[in-house]
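Visitor: I would like to see how this sequence folds:
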Amino acid sequence: MIKLIATGVLVLVMTLGGVFAAVKFGQPPADDHKVDAPPPPQYVQGDLMTLPVLSNGAVAGYFLIRSTLLVDSVIMKDVKAPMTAYMTDELFGLLVGDKILDVKEVGKFDVAGFKTKIKDGINARMEKPLVRDVMIQQMDYITKEILDARDSTRKPQKIVINTDPEPPKAAAATPSH
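Guide: Model prediction:
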């Protein structure tokens with residue numbers, strides 16, 4: 001009888017010891033020197049923008065631009081105005097106001113320099129390094145003659161062709177049970 005009780009107590013002690021060891025050593029160590037990872041950047045998807053090209057006081061054609069900004073999510077919390085408004089204004093200023101692109105010499109267009117000017121222009125306005133990168137998914141030029149002719153076989157002139165990938169789609173919320 002004593003052997004049976006002693007065996008039961010031994011099994012109880014071993015079970016409790018195993019549970020205690022699993023709880024104690026199964027947790028990650030408490031690290032006081034934990035380094036916080038920087039928050040991931042945020043994507044600001046721009047709409048397809050149509051910007052007029054003026055020549056001799058009349059509209060000669062249109063730039064069609066679809067772009068995305070990669071912004072610092074910490075600084076973005078302080079921004080009150082919509083970023084698409086800043087993006088539209090910067091693109092309008094560069095393409096229509098400064099005319100940095102001559103549509104007759106599209107082959108010489110510096111895409112990397114154009115993206116840098118957009119980034120630097122928005123960051124200068126915000127007075128903070130908000131924009132990390134500019135991604136251009138589409139940039140075309142369509143003449144007024146093509147629009148007036150309404151000829152579906154004539155296509156716009158491609159200025160930028162797939163230089164940047166599409167931004168990642170926002171993850172859909174998973175239903176909980």
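Visitor: and residue 8, what pLDDT?
Guide: Residue 8 is assigned 92 on the pLDDT scale.
Visitor: what helix or strand does residue 63 sit in?
Guide: In this structure, residue 63 is located in strand 58-71 according to DSSP states H and E.
Visitor: and that strand, how far out from the chain's middle?
Guide: Relative to the mean C-alpha coordinate of its chain, strand 58-71 is positioned 17 Å out (Cα atoms, centre = their mean, to the nearest Å).
Visitor: that strand: which residues count as buried?
Guide: Within strand 58-71, the residues that count as buried by 16 or more other Cβ atoms under 10 Å are 61, 62, 63, 64, 65, 66, 67, 68, 69, 70, 71. (Each C-beta comes from the backbone N, C-alpha and C, glycine too.)
Visitor: what of stretch 143-152?
Guide: Of the residues in stretch 143-152, 143, 146 count as buried by neighbour count, 16+ other Cβ under 10 Å.
Visitor: surely residue 153 is within a strand?
Guide: No: checked against DSSP: H, G, I helix; E, B strand; the rest coil, residue 153 lies outside a strand; its state is coil.
Visitor: residue closest to the middle of the protein?
Guide: Residue closest to the average C-alpha location in the chain (Cα atoms, centre = their mean): residue 43, at 2.5 Å.
Visitor: surely it touches residue 67?
Guide: No: under the criterion of Cβ atoms under 8 Å, residue 43 makes no contact with residue 67, lying 11.0 Å away.
Visitor: that older thread, quick check: what element follows the strand holding residue 63 along the chain?
Guide: Tracing the chain C-terminally past strand 58-71 and defining elements by DSSP H and E, one meets helix 73-76 next.
Visitor: report the mean per-residue pLDDT for that next one.
Guide: Along helix 73-76, the predicted confidence averages to a pLDDT of 82.
Visitor: and it, which residues are buried?
Guide: Under the neighbour-count criterion of 16+ other Cβ under 10 Å, helix 73-76 has 75, 76 buried.
Visitor: what's the following helix or strand after it?
Guide: Toward the C-terminus, helix 73-76 is succeeded by helix 83-92 as the next helix or strand (DSSP H and E).
Visitor: what's the offset of that following helix from the middle of its chain?
Guide: On Cα atoms, centre = their mean, the centre of helix 83-92 falls 15 Å from the chain's centre.
Visitor: send the alpha carbons of that helix over as PDB?
Guide: The C-alpha trace of helix 83-92 is given here as PDB (Å, rounded to 0.1, in the frame of the first residue of the first chain):
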ATOM      1  CA  MET A  83      -1.500  63.700 -49.600                       C
ATOM      2  CA  THR A  84      -3.100  63.300 -53.000                       C
ATOM      3  CA  ALA A  85      -3.600  67.000 -53.100                       C
ATOM      4  CA  TYR A  86       0.100  67.600 -52.500                       C
ATOM      5  CA  MET A  87       0.900  65.000 -55.200                       C
ATOM      6  CA  THR A  88      -1.400  66.600 -57.700                       C
ATOM      7  CA  ASP A  89      -0.100  70.100 -57.100                       C
ATOM      8  CA  GLU A  90       3.600  69.000 -57.300                       C
ATOM      9  CA  LEU A  91       2.900  67.100 -60.600                       C
ATOM     10  CA  PHE A  92       1.000  70.000 -62.000                       C
END
